[in-house]
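[1] Please find the sequence and the predicted model below.
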Amino acid sequence: MLLSTFSHFSFFHMAANMYVLWSFSSSAVSMLGREQFMAVYLSAGVVSSFVSYVGKMATGRFGPSLGASGAIMTILAVVCTKMPEAKLAIIFLPMFTFTAANALKAIVAMDTAGLVLGWKFFDHAAHLGGALFGIWYILFGHELIWKNREPFVKLWHDLRTRGGGGGGAGGGAV
């Protein structure tokens, strides 16, 4: 599921995804930091691919689940949830601006309609999974996961350094 995030149907598919990622990634990296951005992005690739496969199984519309769209939707949702009053515009219509919150609502509504009505132009389930994961992460996940990572990092460090020099108390000069 992770590797399908890096596969695309066509050059246009990849170019569109990379443009949107480029547009939102600097804001997301500023908010989350590089490490947390990578963790969220890669996790979002797996989550959105899983939601895509569940959607395909539930609707009986089988086919590949390719592209970074779901993970990129997570990044878009992270930025739009964290900065709802930010002004956005569409590349070919820069004279029409709208808030990030309204953009996110419109995208979620369009993908929900696409999933319910069976539109096949986009992987609407992957988009919805990514958007919902991004909203969830900003509202709850950061507190539940990222801020509580220290015990796991310490455990990982202890496992990696076990057997290399002992380290107990005592033995130093006072």
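    Great, that's in hand. Numbers count the residues shown, from 1 in each chain.
[2] Which secondary structure elements does the host helix or strand of residue 44 sit against?
    Using DSSP states H and E, residue 44 sits within helix 34-59. On a contact count with 3 or more Cβ pairs under 8 Å, 6 or more residues apart in numbering; DSSP states H and E, helix 34-59 meets helix 11-32, helix 69-82, helix 124-136. C-beta coordinates here come from the backbone N, C-alpha and C atoms, glycine included.
[3] Which SSE is immediately downstream of the longest strand along the chain?
    Assignment by DSSP state E gives strand 93-99 as the longest strand of the chain. Next along the chain after strand 93-99, taking DSSP H and E as the criterion, comes helix 100-117.
[4] as a whole number, average confidence for that next one?
    Taken as a whole, helix 100-117 has an average pLDDT of 94.
[5] in that helix, what counts as buried?
    Residues of helix 100-117 classed as buried: 100, 103-104, 107-108, 111, 114-115 (neighbour count, 16 or more other Cβ atoms under 10 Å).
[6] Packing partners of that helix?
    Using 3+ Cβ pairs under 8 Å, 6+ apart, helix 100-117 is in contact with helix 69-82, strand 87-90, helix 124-136.
[7] lowest-confidence stretch among these?
    strand 87-90 (a mean of 89).
[8] Give the other helices and strands that that strand contacts.
    strand 93-99, helix 100-117.
[9] hang on, the earlier thing: indicate which one of the helices and strands packed on helix 34-59 is closest to residue 143.
    helix 124-136 (11.2 Å; Cβ to Cβ).
[10] The closest one vs helix 69-82, what angle?
    30 degrees (axes from the mean of the first three to the mean of the last three Cα atoms, to 10 degrees).
[11] Other residues contacting stretch 78-88?
    24, 27-28, 31-32, 40, 97-101, 103-104, 134-135, 137-139 (Cβ atoms under 8 Å, 6 or more residues apart in numbering).
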